[in-house]
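In: The following block contains a protein sequence and its predicted model.
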Amino acid sequence: IEFSFNMELDSLGYYYRSIINEPKKINTKISLRMKEFNKSSYASQLRINIFGNTIKLELDQNQEFEKISINDNSFDKEYFKDRGCRYQVIQRKLLPIPRLLKAVKTKDRKMEFFTESYLFNEYLTERITRLCRKNTSIETINHLVENIPWASSSEIYDYFCSQQIIIGLAKNISQKGIDSDVFKDILCFFYLGLFENLVRIHNEELSTIFSSVRYLEPLRATAQRYYRRQELAIDEIDSKGSNIAMFLDSLNYTEKSNINKILKDEFDIELNVTKENGHLALTIKNGDIKEATNIADLGVGYSQILPFIIQLWDCNNRKNTRNSFLRLHTRLENNSLFVVEQPELHLHPAYQAKIADVICKMKKTDVVNVNLIIETHSPHIIYRLGELIELEEIDKDAIQVLIFEEGEDGTSITKSTFDINGRLQNWPIGFFQP
């Protein structure tokens, strides 16, 4: 199995260099391939596509280095062994991090230890030195190398040809051309020298994104008559929705009013938290229930829909304070991912359709860029989304439907989309029929 992520990062120089050029967005694709060995999974390949180049790190079943390659150039562990180096692979957070080390012996040559190697940077400097005049100082060459932009091949080529630091180098590279083996070697060693930092950057970005994931299980907790009050602040609703009373109790008046406005507008519900002898109780009023009634005395549907609505509101409106430090230091925009299974359980079809309305309304006031993954068996949610597209309440490109079907050869996944009239495209005939 392989997991791939298309990412848009700020100028990578932010993470690595003290002097950067004008910031720009950089598009990358990172893929992690998993294999099975002795009934356990391991990462067999890590691949990064950046600036039209493909860099691959391949590992064996023990998570040890096998080879690294960029485009058509490949370097296996024997290559590094012959040069007194080896790759150490460290598993941090999500991705395997490669560290290139070199063997160093003590003066008496009795002991050997490993320290960080800059083999590719040394090769890069060597290739550039060959193109310079003999009287060019190493300090000048190093200054030039340190300021090579993290950019495409053509931009790096323009950098060398237009720089005024080493005129002879500019002429040599210009004469040889962008497709020459000399310039391809320069690109190869430059990108490979950055690879460890590229992996670390992607690892931090992905870890920060996934730490913002909220999840709600398909069978939410049954409503209780009383909930034990806690003095500790509740930052978010748990995966079963069992702590919604404590969560609501921790909100201020304005936040509670905002949630009640959504519930009133879409479901004709007024939700309140009352305090009784150190305990909390959830009560509901609606058009049919004039008196505040304990949620435990009402249908199970309320205990199923409320965690979804409140969690969605929380993702959409409140800062995730747990990740504010990470966002500050990785420059991630505010975003979160909300994953919910079967929000329609125990709901009347009309209320199921209302789920789509709530999603649409909250997306219009999206403060934190919430992405939703909803696993559903409800045709009412799907069809209502189509109606909302037709009414121009939500953009068709904001919704993607993936259909999972079991077959003899395993599970197949089909992608379906809506057209501008809200009609489903590439939808399997009879999917919702027995």
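Out: Nice, I can see it.

In: Do a quick rundown of the strands in the stretch 151-300 of the chain.
Out: 213-216, 227-228, 269-276, 279-286, 293-294 (DSSP state E, counting those that start in this stretch).

In: want to throw those strands into a markdown table with mean pLDDT and distance to residue 407?
Out: Just so you know, the C-beta spots here come from the backbone N, C-alpha and C atoms, and that holds for glycine as well. A markdown table is the format used below for the strands of the stretch 151-300 of the chain (pLDDT from 0 to 100; distance: least, Cβ to Cβ, whole Å):
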| stretch | mean pLDDT | distance to residue 407 |
| --- | --- | --- |
| strand 213-216 | 90 | 28 |
| strand 227-228 | 88 | 45 |
| strand 269-276 | 90 | 42 |
| strand 279-286 | 92 | 44 |
| strand 293-294 | 92 | 47 |
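
In: Any idea which of those strands gets closest to residue 41?
Out: strand 213-216 (20.2 Å; Cβ to Cβ).

In: Direction included, what does that closest one pair against?
Out: When pairing is defined by DSSP bridges, strand 213-216 lines up against strand 336-341 (parallel).

In: hey, where'd the helices end up in the stretch 251-400 of the chain?
Out: Ranges of helices within the stretch 251-400 of the chain are 253-267, 300-317, 324-330, 349-364, 379-390, based on DSSP state H, counting those that start in this stretch.

In: Now the weakest link among those, please, by mean pLDDT.
Out: Mean pLDDT is lowest for helix 324-330 among the helices of the stretch 251-400 of the chain, at a mean of 40.

In: Next, format the strands of the stretch 151-300 of the chain as a markdown table and append distance to residue 46 and mean neighbour count.
Out: Shown next, in a markdown table, are the strands of the stretch 151-300 of the chain (distance: least, Cβ to Cβ, whole Å; neighbours: other Cβ atoms under 10 Å):
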| stretch | distance to residue 46 | mean neighbour count |
| --- | --- | --- |
| strand 213-216 | 22 | 17 |
| strand 227-228 | 46 | 14 |
| strand 269-276 | 47 | 16 |
| strand 279-286 | 47 | 18 |
| strand 293-294 | 53 | 15 |
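
In: Which of these sits closest to residue 8?
Out: Ranking the strands of the stretch 151-300 of the chain by proximity to residue 8 (Cβ to Cβ) places strand 213-216 first, at 18.9 Å.

In: Give me the below-cutoff pLDDT ranges for the protein.
Out: 10-24, 231-233, 318-335, 366-368, 433-434 (pLDDT under 70).

In: Give the buried residues for the longest helix along it.
Out: Counting residues, the longest helix in the chain under DSSP state H turns out to be helix 181-210. Neighbour counts over helix 181-210 (16 or more other Cβ atoms under 10 Å) mark 183-196, 198-206, 208-209 as buried.

In: likewise stretch 373-391?
Out: Neighbour-count burial for stretch 373-391 [16+ other Cβ under 10 Å]: 374, 376, 378, 380, 381, 382, 383, 384, 385, 386, 388, 389.

In: Looking at those residues, which is nearest residue 351?
Out: residue 380 (8.7 Å).

In: Can you report how many residues lie near the residue nearest to the closest one when sequence neighbours are not counted?
Out: Spatial nearest neighbour of residue 380, chain neighbours left out: residue 352 (4.0 Å); criterion: Cβ to Cβ, 6 or more residues apart in numbering. Counted with other Cβ atoms under 10 Å, residues neighbouring residue 352 total 21.

In: wait, isn't residue 352 in contact with residue 383?
Out: No - counting by Cβ atoms under 8 Å, residue 352 does not reach residue 383; the two are 9.8 Å apart.

In: Can you give the distance of the helix or strand where residue 127 lies from its chain's centre?
Out: In this assignment (DSSP states H and E), residue 127 forms part of helix 119-130. In terms of Cα atoms, centre = their mean, to the nearest Å, the centre of helix 119-130 is found 35 Å from the chain centre.

In: So which elements touch that helix?
Out: Packed against helix 119-130 by the contact rule (3 or more Cβ pairs under 8 Å, 6 or more residues apart in numbering; DSSP states H and E) you find strand 95-105, helix 138-146, helix 181-210.

In: For it, which residues meet the burial criterion?
Out: 119, 120, 121, 123, 124, 125, 127, 128.

In: OK, contacts around the closest residue to the third one other than its chain neighbours?
Out: By the measure of Cβ to Cβ, 6+ apart, the closest residue to residue 121 outside its immediate chain neighbours is residue 193, 4.6 Å from it. Under the criterion of Cβ atoms under 8 Å, 6 or more residues apart in numbering, the neighbours of residue 193 are 118, 120, 121, 124.

In: Now the second one. Nearest residue, chain neighbours left out?
Out: When the adjacent residues along the chain are set aside, residue 120 lies closest to residue 193, with 3.9 Å between them (Cβ to Cβ, 6+ apart).

In: Distance of that neighbour relative to residue 100?
Out: Per Cβ to Cβ, to the nearest Å, residue 193 is found 9 Å from residue 100.

In: any residues in contact with both of these two?
Out: Counting by Cβ under 8 Å, 6+ apart, the residues touching both residue 193 and residue 100 are 118, 120.

In: re the thing from before, ok, which of the helices and strands packed on helix 119-130 comes nearest residue 344?
Out: Of all the helices and strands packed on helix 119-130, helix 181-210 comes closest under Cβ to Cβ, at 26.0 Å.

In: ok so, going back, as TSV, the strands of the stretch 151-300 of the chain with distance to residue 426 would be great.
Out: Shown next, in TSV, are the strands of the stretch 151-300 of the chain (distance: least, Cβ to Cβ, whole Å):
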stretch	distance to residue 426
strand 213-216	28
strand 227-228	46
strand 269-276	37
strand 279-286	40
strand 293-294	46
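
In: looking at these, which is closest to residue 359?
Out: Among the strands of the stretch 151-300 of the chain, the nearest to residue 359 by Cβ to Cβ is strand 213-216 (13.5 Å).
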